[in-house]
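A.B. asks: Could you look at this predicted model? Sequence included:
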Amino acid sequence: MRLQYVFLQISLFCFIILNSCSTGESSKSQDGLYVSGDFHQHTTYSGGEYSFGHVMEASKKYGLDWWSNSDHGGTRELWGKASGVDLGTRVTWESAGIKPFGSPQESEDVGFMWRWQSLKYYNFEDILIWRRVFPDKLILQAFEWNVPGHEHANVSIIANQFDAGKENCDPLAQFEYMFDDEDNDTTGGLEFGWKKSSLEGKEKALEAAKWLQTNYPMQAYAIPSHPDKSGEYLISDFRDFNNVAPDVFFGFDGMPGHQKNPTRGSYDLDEAPYPAEMNNKKGATFGGAGPFASRIGGVWDALLSEGRKWWISASSDYHADDDFYPGEFQKTYTGVAGKNDPQALIDGMRSGNTYIVTGDLITGLNFKVGKAMMGQTFETEKNNVKIEIEILDPDIQNFNTYSDYTNPELDHIDLIAGEVSGYISPSNPEYSKDNVSTTRVIARFDATGGIEDANGLVSRKWTDSGNSWKKISYQFGVSGNMYFRLRGTNLSLNSPEELDGAGNPLPDIAEENTPARAFSDLWFYSNPVFVEYVSEKGNSASEKQKSISDIQQGKKWYRGNTHTHATFSDENDTNDVPMIARWHEGN
């Protein structure tokens with residue numbers, strides 16, 4: 001076993017030397033740089049079947065610009081560097097002669113290591129090695145948090161991770177020790193001054209959120225994983241998290257991983273809160289997306305209708321051969337100020353200038369309302385807004401090796417609009433309401449135009465602007481605060497067992513999915529652009545709306561710069577200095 005490990009280390013060193021000059025190419029939109037990523041993937045450090053290095057190589061192979069290793073918190077048995085089906089080895093900490101620290105494990109877990117220790121001393125060391133292997137890629141250390149009172153969330157804290165010559169992930173290891181619901185170690189962190197939380201359940205989860213917001217507001221993210229899988233996340237939970245940690249809790253997975261699983265998303269129908277029936281069979285995802293994001297007027301729209309900056313993302317949740325590799329099927333594209341810059345990445349994720357794609361259906365998107373891009377707010381006194389969409393439908397093969405359908409074409413794009421009424425107070429009974437009736441598809445665009453759907457909506461023709469780009473310009477009347485978002489698919493209306501006559505995805509029937517079928521049912525979703533309608537100069541609707549919930553709570557509020565959410569003035573206004581459209585509690 002030790003000889004095998006020595007050989008592994010020598011091979012890896014040679015691989016680093018041979019690949020030290022490797023290059024990659026980011027996906028670009030016409031107006032800026034977007035990087036593709038995946039922040040939910042597992043190795044033999046926790047539940048995965050393949051070694052850490054194997055998953056790193058796969059993330060590179062399938063075209064990602066960045067990724068996060070996010071093995072589970074709690075306690076685990078295997079050394080991820082030296083264990084895996086690919087290596088033909090299974091190296092426990094005990095067999096490697098490595099002694100776990102901290103409190104004794106339960107009898108069935110003797111020899112296991114608390115995840116804070118493996119993060120701090122082993123997992124992150126592998127991250128540093130693979131950054132050298134792929135110097136043109138951005139690789140973060142993260143972990144999948146067992147959230148007290150809930151299920152899972154992906155968490156990263158980039159503080160210290162990129163400090164040249166003294167890189168470490170101690171803040172992340174500390175968070176895992178203090179707040180992971182399956183980390184029962186009470187002594188291991190004492191020498192570092194780490195104080196274990198004494199709370200339980202949802203109170204502990206909110207304490208953790210506040211800790212992140214207080215200590216690392218600009219350097220962390222916490223994104224609930226597959227939030228609609230088990231019913232352990234309610235819309236009130238998302239509102240609570242976003243209220244106490246708005247710079248850290250800014251979204252959830254709109255589309256789960258495990259898209260290759262026979263039950264797409266690997267949702268248990270006995271636990272899933274929103275299954276749907278079709279032909280006397282049930283499914284809990286819709287075109288691969290979870291019900292929170294896929295249902296118009298559902299949980300995501302209810303949050304956006306408050307004006308919350310709450311974004312969706314998608315990652316592979318790769319564990320084994322019955323999952324797609326990171327980047328093979330799903331990608332999250334994030335607008336960044338610079339490539340290979342960890343702070344620019346976190347800022348981009350927080351900004352909401354992101355979109356998600358399956359099967360490389362599209363590889364570029366510019367979506368603007370007035371001057372504002374995804375995640376931003378456009379302020380206007382006019383009673384109509386100009387919506388501009390540019391989208392790249394690439395004439396290239398994707399990574400589908402399961403059928404001959406390797407160059408999908410975008411069939412149509414839906415433009416969805418919703419009304420914004422302001423934040424809901426926690427004391428309001430509506431705080432637990434998880435749907436809204438004011439969101440709808442307002443326009444559809446395709447290659448020909450003139451196609452009428454079941455609701456009487458007639459499609460409009462997009463313009464081919466060359467080099468596989470499609471261009472759309474559309475005017476829409478406004479009389480109050482709104483948001484706009486996009487979805488698109490390769491499927492035509494009334495596609496049997498896939499898409500209904502109004503353009504909505506039908507349930508993915510449990511136990512009937514195949515890799516080829518997943519690659520035939522492709523989607524993209526954008527994050528929203530908000531519109532703030534100003535009826536009179538200096539008297540915006542948001543000025544009135546913020547008081548609806550905030551004054552009820554007896555709080556004073558002020559405008560503050562969080563470096564994230566910009567509000568842009570009317571397109572004819574010569575003042576391009578953005579105003580910040582978030583309200584913060586004052587004393």
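C.D. replies: Good, I have the coordinates.

A.B. asks: and the closest residue to residue 195 other than its chain neighbours, what element?
C.D. replies: Spatial nearest neighbour of residue 195, chain neighbours left out: residue 178 (6.7 Å); criterion: Cβ to Cβ, 6 or more residues apart in numbering. Using the backbone N, CA and C atoms, a C-beta is placed for each residue, glycine as well. For residue 178, the host element (DSSP states H and E) is helix 170-179.

A.B. asks: Give me the buried positions along that helix.
C.D. replies: Neighbour-count burial for helix 170-179 flags 170-179 (criterion: 16 or more other Cβ atoms under 10 Å).

A.B. asks: Which helix or strand contains residue 141?
C.D. replies: strand 138-146.

A.B. asks: And for residue 59?
C.D. replies: Going by DSSP H and E, residue 59 is in helix 52-61.

A.B. asks: What is that helix packed up against?
C.D. replies: strand 66-69, helix 124-133 (3 or more Cβ pairs under 8 Å, 6 or more residues apart in numbering; DSSP states H and E).

A.B. asks: Let me know the average pLDDT across the shortest one.
C.D. replies: Yep, that's strand 66-69 we're talking about. On average, the pLDDT along strand 66-69 is 98.

A.B. asks: circling back to that earlier point, wait, what's in contact with the residue nearest to residue 195?
C.D. replies: By Cβ atoms under 8 Å, 6 or more residues apart in numbering, residue 178 lies in contact with 189, 194-197, 208, 211.

A.B. asks: how about the strands in the stretch 401-550 of the chain?
C.D. replies: Assigned by DSSP state E, counting those that start in this stretch, the stretch 401-550 of the chain shows strands spanning 412-419, 439-446, 460-461, 463-466, 469-477, 482-489, 507-509, 523-526, 529-536, 539-540.

A.B. asks: got those strands as JSON lines, with distance to residue 250, mean neighbour count and mean pLDDT columns?
C.D. replies: Below are these laid out as JSON lines (distance: least, Cβ to Cβ, whole Å; neighbours: other Cβ atoms under 10 Å; pLDDT from 0 to 100):
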{"stretch": "strand 412-419", "distance to residue 250": "18", "mean neighbour count": "22", "mean pLDDT": "98"}
{"stretch": "strand 439-446", "distance to residue 250": "20", "mean neighbour count": "19", "mean pLDDT": "98"}
{"stretch": "strand 460-461", "distance to residue 250": "33", "mean neighbour count": "16", "mean pLDDT": "98"}
{"stretch": "strand 463-466", "distance to residue 250": "33", "mean neighbour count": "11", "mean pLDDT": "96"}
{"stretch": "strand 469-477", "distance to residue 250": "26", "mean neighbour count": "15", "mean pLDDT": "98"}
{"stretch": "strand 482-489", "distance to residue 250": "15", "mean neighbour count": "25", "mean pLDDT": "98"}
{"stretch": "strand 507-509", "distance to residue 250": "27", "mean neighbour count": "24", "mean pLDDT": "97"}
{"stretch": "strand 523-526", "distance to residue 250": "16", "mean neighbour count": "26", "mean pLDDT": "98"}
{"stretch": "strand 529-536", "distance to residue 250": "14", "mean neighbour count": "20", "mean pLDDT": "88"}
{"stretch": "strand 539-540", "distance to residue 250": "23", "mean neighbour count": "16", "mean pLDDT": "56"}
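
A.B. asks: got a markdown table for those strands, with distance to residue 290 too?
C.D. replies: Shown next, in a markdown table, are the strands of the stretch 401-550 of the chain (distance: least, Cβ to Cβ, whole Å):
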| stretch | distance to residue 290 |
| --- | --- |
| strand 412-419 | 17 |
| strand 439-446 | 17 |
| strand 460-461 | 29 |
| strand 463-466 | 33 |
| strand 469-477 | 27 |
| strand 482-489 | 14 |
| strand 507-509 | 11 |
| strand 523-526 | 11 |
| strand 529-536 | 22 |
| strand 539-540 | 33 |
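
A.B. asks: So the chain: which segments form each domain?
C.D. replies: 34-255+310-351, 358-587 (automatic domain parsing).

A.B. asks: Just say which of the ones you listed is most tucked in.
C.D. replies: domain 34-255+310-351 (a mean of 21; mean count of other Cβ atoms under 10 Å).

A.B. asks: Mind checking what secondary structure the nearest residue to residue 242 once chain neighbours are set aside has?
C.D. replies: Using Cβ to Cβ, 6+ apart and skipping residues adjacent in sequence, the residue nearest residue 242 is residue 249, 5.3 Å away. Secondary structure assignment for residue 249 (DSSP: H, G, I helix; E, B strand; the rest coil): coil.

A.B. asks: for residue 249, what are its contacts?
C.D. replies: Applying Cβ under 8 Å, 6+ apart, the residues contacting residue 249 are 209, 222-223, 238, 241-242.

A.B. asks: pretty sure residue 123 contacts residue 79?
C.D. replies: No: look at residue 123 against residue 79 with Cβ atoms under 8 Å: they stay out of range, at 9.6 Å.

A.B. asks: list the residues that contact both of these two?
C.D. replies: residue 45.

A.B. asks: Pairing partners for the helix or strand just after the strand holding residue 141, with directions?
C.D. replies: Following strand 138-146 in sequence order, the next helix or strand is strand 152-157 (DSSP H and E). Strand 152-157 pairs in its sheet with strand 138-146 (antiparallel), strand 220-224 (antiparallel), by DSSP bridges.

A.B. asks: And the contacts of the shortest one?
C.D. replies: The list of residues contacting strand 220-224 from outside it, by Cβ under 8 Å, 6+ apart, reads 39, 145, 147, 150-159, 209, 212, 233, 238, 241, 245, 248-253, 313, 346, 349-350.

A.B. asks: average model confidence for it?
C.D. replies: Rounded mean pLDDT across strand 220-224 is 98.

A.B. asks: Repeat that for stretch 357-365.
C.D. replies: 98.

A.B. asks: who's in contact with it?
C.D. replies: 27-30, 34, 255, 259, 288, 314, 329-331, 333, 355, 389-394, 396, 398-400, 408, 410, 469, 486, 488-490, 518-519, 522-524, 526.

A.B. asks: report the angle between the axes of the helix holding residue 178 and strand 220-224?
C.D. replies: If you take axes from the mean of the first three to the mean of the last three Cα atoms, to 10 degrees, helix 170-179 sits at 40 degrees to strand 220-224.

A.B. asks: distance between helix 170-179 and the chain's centre?
C.D. replies: 21 Å (Cα atoms, centre = their mean, to the nearest Å).

A.B. asks: Now it - C-alpha only, CSV.
C.D. replies: Taking C-alpha atoms only, helix 170-179 is exported to CSV below (Å, rounded to 0.1, in the frame of the first residue of the first chain):
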residue,chain,number,x,y,z
ASP,A,170,-8.6,27.6,8.5
PRO,A,171,-11.7,29.8,8.4
LEU,A,172,-13.6,27.1,6.5
ALA,A,173,-12.4,24.4,8.9
GLN,A,174,-13.4,26.5,11.8
PHE,A,175,-16.9,27.0,10.4
GLU,A,176,-17.3,23.3,9.9
TYR,A,177,-16.1,22.5,13.4
MET,A,178,-18.4,25.1,15.0
PHE,A,179,-21.6,24.6,12.9
